[in-house]
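Novice: requesting a structural model of the entry that follows:
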Amino acid sequence: MKKLNIAYLSFVFIAMCMITGCKKEKKVDEIPPANTKPSDQQGSSEADEAMEDVNDFINNKIGGGSNQKVSAYNLPCGVVSIDSSTTNGTYKNYIMNYGSQTPCGYKKKSGYVTFALLDATKFNDVGATYKITFTNYVVESLVNGQKFTMNGYITVKNVNGGYIWQTVTASATITHKIRGTFSVTYFDGTVRNRSYYQMRTYSSSSGWSGLTLTIAGDTTINSATIYEIGKTYENNYDYQTEMINSFVWSNCGSTYAGPYVLKTAYARMKLIVPFLTNAYIDVEGGYKWDLANTTATPVLVNDCTTNAYKITTVINSASFTQYQLY
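Specialist: The predicted structure follows:
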């Protein structure tokens, strides 16, 4: 499922990237965007990436996936070893060792990410819950040299049972209920907390070509369906990310390789800012941007031709809209 796991990019990262001048943007008007640091994405995207590493290991090495049949398992990027021990006389505790500043793309990783079953007998049991724990997990950017450290946990409940790859082999629907609380310590000592409330559903209508991943919010705050809450790096503002429409990735190819396309997405990051009665960022996926005619406004299509987000920043009565390629 490595190809599909690009979906774990967090909404906070998307929003912060869009409003701080990422490339290939199309501005619609000239009201300045909110002054929010791109550092707000750090932690959320790394938590998703670590969850991807754990899922990849569970579904291949110990879950009977394709890699189980080969003599050597390809460890996730940055992982130098995976050790295990028995806890409470029953459950295996797996330790992903990221070594000492292990290179991984444009980052270096170090520290530990552990995971273990909290109940049930196997990871694919109905209702089985496993816990992912971050212990001084450090990520350093090779671009700017900045580091941040994560501590905390995420729990994943396998609601219907089964392994993710069984969506293809057995037409199963696999649902994961995600909860978590972790802290992010930035390079300057600033500490911010994050909490996750997610539901992830893997399904397929026709083998690989019908494979779909849906990510939805899974708690309600003031009548809104919430995906994540936390505080911004700059000024320590409270925020909550509402899933107005679930993020839906679909395989638009006929094989495992995809491509996987984000067809539908609509989320709102609401900021609680003193003296502002209305401050939020909307990110909506599913737009088609005709690159042969860049002066034309992208169109909402929600199909395999989609290639862009619409990002709208609202501050009181002011509104700023731009488009960003996936």
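Novice: please spell out which residues along stretch 126-144 are buried.
Specialist: A128, T129, Y130, K131, I132, T133, F134, Y137, V138, V139, E140 (16 or more other CB atoms under 10 Å). Any C-beta I mention is one placed from the backbone N, CA and C, and that applies to glycine too.
Novice: wait, which of those residues is closest to F247?
Specialist: I132 (20.5 Å; CB to CB).
Novice: quick check: phi and psi on that closest one?
Specialist: Phi and psi for I132, reported as degrees, to the nearest 10, are phi -100, psi 120.
Novice: and the helices in the stretch 1-150 of the chain?
Specialist: Ranges of helices within the stretch 1-150 of the chain are 11-19, 44-60, based on DSSP state H, counting those that start in this stretch.
Novice: can you tell me which of the ones you listed has the worst average pLDDT?
Specialist: Among the helices of the stretch 1-150 of the chain, helix 11-19 carries the lowest mean pLDDT, a mean of 36.
Novice: let me have the buried residues of stretch 126-144 in a markdown table, extended by pLDDT.
Specialist: Output for the buried residues of stretch 126-144, formatted as a markdown table (pLDDT from 0 to 100):
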| residue | pLDDT |
| --- | --- |
| A128 | 94 |
| T129 | 94 |
| Y130 | 92 |
| K131 | 94 |
| I132 | 94 |
| T133 | 94 |
| F134 | 93 |
| Y137 | 91 |
| V138 | 90 |
| V139 | 88 |
| E140 | 85 |
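Novice: in strands, which of those residues fall?
Specialist: A128, T129, Y130, K131, I132, T133, F134, Y137, V138, V139, E140 (DSSP state E).
Novice: I'd like those residues laid out as JSON lines, including distance to I215.
Specialist: Shown next, in JSON lines, are these (distance: CB to CB, whole Å):
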{"residue": "A128", "distance to I215": "20"}
{"residue": "T129", "distance to I215": "19"}
{"residue": "Y130", "distance to I215": "18"}
{"residue": "K131", "distance to I215": "20"}
{"residue": "I132", "distance to I215": "17"}
{"residue": "T133", "distance to I215": "22"}
{"residue": "F134", "distance to I215": "20"}
{"residue": "Y137", "distance to I215": "22"}
{"residue": "V138", "distance to I215": "26"}
{"residue": "V139", "distance to I215": "22"}
{"residue": "E140", "distance to I215": "28"}
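Novice: from the buried residues of stretch 126-144, which is closest to K147?
Specialist: Nearest to K147 among the buried residues of stretch 126-144: E140, at 4.4 Å, using CB to CB.
Novice: for N307, see how far away the closest one is.
Specialist: The gap separating E140 from N307 is 31 Å, by CB to CB, to the nearest Å.
Novice: check which helix or strand the nearest residue to Y239 once chain neighbours are set aside maps to.
Specialist: The shortest distance from Y239 to any non-neighbouring residue, by CB to CB, 6 or more residues apart in numbering, is to L271 (5.1 Å). Per DSSP states H and E, L271 falls inside strand 260-272.
Novice: partner strands of that strand, with direction?
Specialist: Strand pairing for strand 260-272, determined by DSSP bridges: strand 238-251 (antiparallel), strand 279-288 (antiparallel).
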